[in-house]
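>>> quick check, what structure comes out for this input:
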Amino acid sequence: MSQLLQESRARSGNRYFAAAGLKRVTAGIGPTLKAGFMGFSLDHIFTRGLTAGDGGAWKGTSASDHYPIWQLLWFDADKRVSGPQP
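Residues are numbered from 1 along each chain as shown. Okay, the predicted model is just below:
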């Protein structure tokens, strides 16, 4: 998959999730797929009503063809989050 196509799909996915009130908090973590010389970011964390701190892709493992991603998150006491009602 070309870098341009990947970026187009990421923008499309971001718009879809943003319409649901979600924010991609892992946008700057770098490549998450171990694929030759091309760095692809295929793994993401989306949140609503949380504040994001540090995050990243852990490159110290060989357990998968993807790097595990992590993100520090915390609740904002002054924000109310509403979601789908049952």
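>>> tell me the contacts of the residue nearest the centre of the chain?
Geometric centre of the chain, nearest residue: residue 44, 2.2 Å, by C-alpha atoms, centre = their mean. Contacts for residue 44 (C-beta atoms under 8 Å, 6 or more residues apart in numbering) come out as 13, 24, 26, 27, 69. In this view, the C-beta of every residue, glycine as well, is placed from N, C-alpha and C.
>>> mind checking which of those residues land in helices?
residue 13 (DSSP state H).
>>> buried members of the contacts of residue 44 into ChimeraX, please.
In ChimeraX, a selection of the buried entries from those looks like this (16 or more other C-beta atoms under 10 Å):
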select :24,26,69
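>>> lowest pLDDT pick from the contacts of residue 44?
For the contacts of residue 44, the model is least confident at residue 13; its pLDDT is 77.
>>> quick one: low-confidence ranges for the chain?
Scanning the chain for pLDDT under 70 picks out 1-10, 36-38, 77-86.
>>> the strands in it, which residues?
Here the chain has its strands, by DSSP state E, at 23-24, 33-35, 38-40, 46-47, 50-57, 69-75.
>>> identify whichever of those lies nearest to residue 63.
Proximity to residue 63 (C-beta to C-beta) singles out strand 33-35 among those, at 10.8 Å.
>>> would you mark the buried spots in that closest one?
Neighbour counts using 16+ other C-beta under 10 Å place residue 33 of strand 33-35 among the buried residues.
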